[in-house]
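1. How does the following fold in three dimensions:
(2 chains)
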Protein chains: 2
Amino acid sequence: MSSFYAVILAGGSGTRFWPMSRASLPKQLLPLLGPETMIRRTVTRLLPQFPPERVFVICGRPYRDLIQRDLDMLPPQNVIDEPQGRDTAAAVGLAAVTLQWKDPGATFAMLPADHHIAPAERFHHALRAAYEAAQTNALVTFGIRPTRPATGYGYLERGERDGSLFRVKRFCEKPDETRARAFVAGGRHYWNSGMFVWRADAILAEIRRSLPGHHEELLAIQAALGTSRLPDILAERYARIPKISIDYGVMEKAQRVVMVEADFEWDDVGSWIAVADHREKDADGNAVDALSVPIDTRDSFVVSSDDRHLIATLGLEGVVVVHTRDATLVCPKERAEDLKKLIEAIRAKGLEKYL
Amino acid sequence: MSSFYAVILAGGSGTRFWPMSRASLPKQLLPLLGPETMIRRTVTRLLPQFPPERVFVICGRPYRDLIQRDLDMLPPQNVIDEPQGRDTAAAVGLAAVTLQWKDPGATFAMLPADHHIAPAERFHHALRAAYEAAQTNALVTFGIRPTRPATGYGYLERGERDGSLFRVKRFCEKPDETRARAFVAGGRHYWNSGMFVWRADAILAEIRRSLPGHHEELLAIQAALGTSRLPDILAERYARIPKISIDYGVMEKAQRVVMVEADFEWDDVGSWIAVADHREKDADGNAVDALSVPIDTRDSFVVSSDDRHLIATLGLEGVVVVHTRDATLVCPKERAEDLKKLIEAIRAKGLEKYL
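-> Residues are numbered from 1 along each chain as shown, chains lettered A, B, ... in the order given. Okay, the predicted model is just below:
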C-alpha cells in the first residue's frame, strides 16, 4: 500500500463546544477526549498505518499555523490551507489533484479531524479492506452499525454484496425520530461516518461527471502545482468553486459506491454530551476534567481549560459546566446538544469577541 | 446626642459566601448588595446620624488595613483591631472601656457590619428611641417583626410596656420549624437583630455582674489606654478572656433589657439566597450581577467578581452560579444556604488555599 495516503479534513468551526471552542480555536484543536487535541489523536491513530509523509491535512488558512505546530510529527508542507472554505467537494478535489500530481497511482482516505474511533486496530483493518476495494475504482464508504436511533447522522442503506463489501443502495439524510427507529429496526441502514477511501483518479472522474465546474477549476489548480504561480491561481480558481458537499454533490449520484461494514466504535463527538460519554466517570456518574469538588452531584460533566480554577458543585444532577478563562457555560445535559440559540444571543448582545 | 457613638462589629469569617468570601476577604468586605462593600454600606447608613469621629469599627487584626482603606470616610484610628477574636462579649467590653475612657457619658450602638437595613430614616428613628431609653441605663435591643418562621434567627419575647418601648421577657435561641411557626402566629416574638444600644457604663456594670473575669481584664486594658503599654497589655489581657457571646454571657441574665419595635426591613443576609432576594430581578426572576447571557433561565442567580467574564446559562431554573477569578460554585438555590459540607470537602481535599 505504498500509494495509500490519508487526508484529514479539518474544516469545523465549532460553536458546539463553546465556550471552549472559539472562532480562533475550533473543535479539532481542543483536547476534548484526552491530553491530545482531536486532530492530533486522529493523526496518532493513523501513524501505525501511514508514514508521516503520506498524511496530509486540509484546513482553513487561519488555522494552518496552529495545526502545523500541533502536528509536529508531520512535514509542515503536508498541512495544506484552503484560501477560503468551499465545502467538502472542493476540499476533496483539492486533495485529489494534489495527490494525483504527486503520485498518479494515489489512493487516499478522506477522514474528518475530530471524530472518536476505537480500537485503532479494527479501524486499520477496515482501511485496508477499503484500500483493496478502491483499486477496482469503487468509491468506498464506512457504514457504522447504529447503536441507537440517532437523528443527528446521515445513514447509508446497504445494497447487495460487492466482493467482500456491500454496495450502497442509497444515501439517507438525517432522519426524524420515527424513521431513525425504523432504520435501526430494519438492520439495513448504517450511520454514514463521513470517511471515504478512493483512488484520486476515480474520485476526480466522478467530480468531472457530477460537478464539471469544480473539475475545470481543479484542473487549472493542478496545472499550477509546483510552480510559483500556485498561490495566485489557487486563490483565483478556488474562489470560483461553488459550495457543495461531497455527499450531496458527488456521492449520491456516483456509479459504484461500496461500503465497508465497520466493526469499530465511532461517533462524531458532536456535543459536550458526547464528550462526557467518552470520559471516565466517577462512582456518581460524573465526568470531570477540572480541579473539581463535586458534592451530592450526579451524572454531571465539569470541564475547565484552567487546571488551577476550582469548580465546586453542590446538589446538581445532569448538569454541564464548562469553564474557560473568559467565559463559563452552565446548562442541563439535555440542552448541551444545541447551543445555537445561545450563540445567537451572544452575537445579538454584541459579545462576538467571546465567540 | 453628642455622646452617642456607633460601634460596628466586623467579626464574620464568611464561608457562607464562598467562593467570593475567603479567609482573607470576609463577607463584610464584599459588595454583595450593590457597588459598596457591606461594611461601607453600614457606615454610609450611619453617617447622616453620626459624625465620622463617632463611628468605630472593631475587627480582626488581619482585616484592619483592608477595612481602613475601604472606610476612608472614617479616621483610621477609629478602626480598632482585636489581637484575636474572643467572641462578642469581649468585643463589646473592649468598645465599652475604650469609649468610656474617651467620654465618660458615652452611649453606643453596637451594630453588625453586614446586615441589610432599609429605609435608613426609620432605622435612625429607632436608634434615637433606643438612645433615649439607654439614658435610663436600660440595655436596648431591636426586635424585628418576623415576616416568616425563620429558623436561622434568635427571637426576643416581648414583655410588658416600659415607657415607649417594651421589656424583653426572654431571649429565645434559634427555634425549630414548629416553634418558629408558633412564634410568628403568637405575635409576641421578634427576631433578635443583634443590634444593641446602651450606655458604656451600663453594659460594663452588667459585664461585671455576669462575667467578672471579663471585667477584670477589661479594666486592665482600660488602664493602659493612651499609654505606650497598650499593645502589650491588650495582647496579654485580651487573650485571657474566655470566648462567650454577649447574648449568652450577658443579655440573657441582664436586669433591664428593653426592645425597640423596629419598623424597618432587616435581615442578616446570611446566604447567597438572601443576596439574590435583595437584588433586582429581570422579567424571568433572575438576579444577575455579571456579564451574563441567560437563555431559557428562570429564578436563578448569577454573580461574578470579574465583570469581563461571560457567564452563559441555558435552560436553568433556580440555580446559583458564583464565579471568581480562581473558583466557581454551581448549586441549586435550596443548597446555597448551607455550604458547610462543601467547605469541609474542599478542606479535606487539601485545597484550603481556595478558602
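
2. Which residues of the stretch 151-300 of chain A lie near chain B?
-> The stretch 151-300 of chain A comes close to chain B at residues A:291, A:293, A:295, A:296, as judged by CB under 8 Å from any CB of the partner chain. Backbone N, C-alpha and C define where each C-beta goes, glycine included.

3. rerun at 10 Å
-> Within reach of chain B by CB under 10 Å from any CB of the partner chain, the stretch 151-300 of chain A has these residues: A:290, A:291, A:292, A:293, A:294, A:295, A:296, A:297, A:300.

4. Turn those residues into CSV, columns for pLDDT.
-> What follows is these, written out as CSV (pLDDT from 0 to 100):
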residue, pLDDT
A:290, 93
A:291, 96
A:292, 96
A:293, 96
A:294, 96
A:295, 97
A:296, 97
A:297, 98
A:300, 97
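
5. Which among those count as buried?
-> A:290, A:291, A:292, A:293, A:294, A:295, A:296, A:297, A:300 (16 or more other CB atoms under 10 Å in any protein chain shown).

6. Among those residues, list the two that are farthest apart in space.
-> Farthest apart among those by CB to CB are A:291 and A:296. That separation is 18.5 Å.

7. The closest residue to residue A:172 other than its chain neighbours: what's it in contact with?
-> Among residues not flanking residue A:172 along the chain, residue A:155 sits closest, at 4.2 Å (CB to CB, 6 or more residues apart in numbering or on different chains). Counting by CB atoms under 10 Å, 6 or more residues apart in numbering or on different chains, residue A:155 makes contact with A:143-144, A:146, A:170-175, A:179-180, A:183-184, A:188-192.

8. Out of the residues of the stretch 151-300 of chain A next to chain B, name the ones that lie in strands.
-> Using DSSP state E, the members of those that fall within strands are A:291, A:292, A:293, A:294, A:295.

9. Arrange those residues in CSV, one row each, with distance to residue A:62 as further columns.
-> Formatted as CSV, those follow (distance: CB to CB, whole Å):
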residue, distance to residue A:62
A:291, 31
A:292, 33
A:293, 38
A:294, 37
A:295, 42
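
10. still on that earlier bit, make a PyMOL selection of the buried ones in the contacts of residue A:155.
-> Selection of buried members from those for PyMOL, criterion 16+ other CB under 10 Å:
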select buried, chain A and resi 143+144+146+171+172+175+179+180+183+184+189+190+191+192
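
11. sorry, back to before: turn the residues of the stretch 151-300 of chain A next to chain B into TSV, columns for distance to residue A:213.
-> Shown next, in TSV, are those (distance: CB to CB, whole Å):
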residue	distance to residue A:213
A:290	49
A:291	53
A:292	53
A:293	58
A:294	55
A:295	60
A:296	60
A:297	55
A:300	50
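
12. Of those, just say which sits nearest to residue B:10.
-> Residue B:10 lies nearest to residue A:293 out of these, by CB to CB, at 28.7 Å.

13. mind checking the SS state of the closest residue to the closest one other than its chain neighbours?
-> Distances taken as CB to CB, 6+ apart place residue A:312 nearest to residue A:293, at 4.5 Å, with adjacent residues excluded. Secondary structure, DSSP: H, G, I helix; E, B strand; the rest coil: residue A:312 is strand.

14. do the same with residue A:45
-> Assigned with three-state DSSP, residue A:45 falls in the helix class.

15. Repeat that for the one 4 residues further on.
-> With three-state DSSP as the basis, the three-state label of residue A:49 is coil.

16. With adjacent residues omitted, what lies nearest to it?
-> Take residue A:49 and drop its neighbours on the chain: the residue closest to it by CB to CB, 6+ apart is residue A:124, 4.9 Å away.

17. for the most centrally placed residue in chain A, which residues make a bridge with it?
-> Nearest residue to the geometric centre of chain A (CA atoms, centre = their mean): residue A:112, 2.6 Å. Beta bridges link residue A:112 to residue A:9 when assigned by DSSP bridges.

18. pLDDT at it, what is it?
-> Per-residue pLDDT puts residue A:112 at 97.

19. Kindly report the same for the one 3 residues further on.
-> The per-residue pLDDT reported for residue A:115 equals 96.

20. any idea how far the closest residue to it other than its chain neighbours lies from chain B?
-> Spatial nearest neighbour of residue A:115, excluding adjacent residues (CB to CB, 6+ apart): residue A:268 at 5.1 Å. Remark: distance between residue A:268 and chain B (CB to the nearest CB, to the nearest Å) = 21 Å.

21. Wait, residue A:268 touches residue A:111, no?
-> No - Residue A:268 is not in contact with residue A:111 according to CB atoms under 10 Å; the separation is 11.9 Å.

22. So for these two, which residue has more residues nearby?
-> When residue A:268 and residue A:111 are compared for neighbours, residue A:111 comes out ahead with 26 against 19, by other CB atoms under 10 Å in any protein chain shown.

23. Does that one touch residue A:38 like I think?
-> No - judged on CB under 10 Å, residue A:111 makes no contact with residue A:38 at a distance of 11.7 Å.

24. Can you check which residues contact both of the two?
-> residue A:10.

25. what about stretch A:297-305, how long is it end to end?
-> Distance between the two ends of stretch A:297-305: 21 Å, counting by CA to CA, to the nearest Å.

26. got the buried residues for it?
-> The neighbour-count check on stretch A:297-305 (16+ other CB under 10 Å) flags A:297, A:298, A:300, A:301, A:302, A:303, A:304, A:305 as buried.

27. which residues of chain A fall in helices?
-> Along chain A, the segments classed as helices by DSSP state H run A:38-46, A:64-70, A:87-102, A:120-134, A:177-186, A:200-210, A:212-224, A:230-240, A:246-249, A:272-278, A:340-348.

28. Can you pull the residues that touch both of residue A:268 and residue A:111?
-> Among the neighbours of residue A:268, those also in contact with residue A:111 (CB under 10 Å, 6+ apart) are A:193, A:194.

29. Find the residue ranges of chain A scoring beneath the pLDDT cut-off.
-> Within chain A, the segments meeting pLDDT under 70 span A:12-13.

30. Just the C-alpha atoms of the longest strand seen in chain A, please, in CSV.
-> Among the segments of chain A that qualify as a strand by DSSP E, the longest is strand A:189-199. Provided in CSV are the C-alpha atoms of strand A:189-199 (Å, rounded to 0.1, in the frame of the first residue of the first chain):
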residue,chain,number,x,y,z
HIS,A,189,-29.1,1.1,7.5
TYR,A,190,-25.8,2.3,8.8
TRP,A,191,-24.5,5.6,10.0
ASN,A,192,-22.6,7.5,7.4
SER,A,193,-19.3,8.2,9.1
GLY,A,194,-18.2,10.7,6.5
MET,A,195,-15.0,8.7,5.9
PHE,A,196,-14.1,7.7,2.4
VAL,A,197,-11.4,5.8,0.5
TRP,A,198,-10.9,6.2,-3.3
ARG,A,199,-8.3,6.4,-5.9
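
31. and the angle for it with helix A:120-134?
-> Strand A:189-199 and helix A:120-134 meet at an angle of 60 degrees, taking axes from the mean of the first three to the mean of the last three CA atoms, to 10 degrees as the criterion.

32. Quick check, residue A:281 in contact with residue A:287.
-> Yes - here residue A:281 reaches residue A:287: they are 5.5 Å apart, a contact under CB under 10 Å.

33. neighbour-wise, which of the two wins?
-> The neighbour count for residue A:281 versus residue A:287, taken as other CB under 10 Å, is higher for residue A:287 (19 against 14).

34. Disregarding residues adjacent in the polypeptide, which is nearest to the more buried one?
-> Nearest residue to residue A:287 in three dimensions, chain neighbours excluded: residue A:279, at 3.6 Å (CB to CB, 6+ apart).

35. Quick one: neighbours of the one you found, just the number.
-> Considering only other CB under 10 Å, residue A:279 is surrounded by 16 other residues.

36. quick one: it from residue A:312, how far?
-> With distances taken as CB to CB, to the nearest Å, residue A:279 is found 19 Å from residue A:312.

37. still on that earlier bit, can you list residues touching both of residue A:281 and residue A:287?
-> A:299, A:300, A:301.
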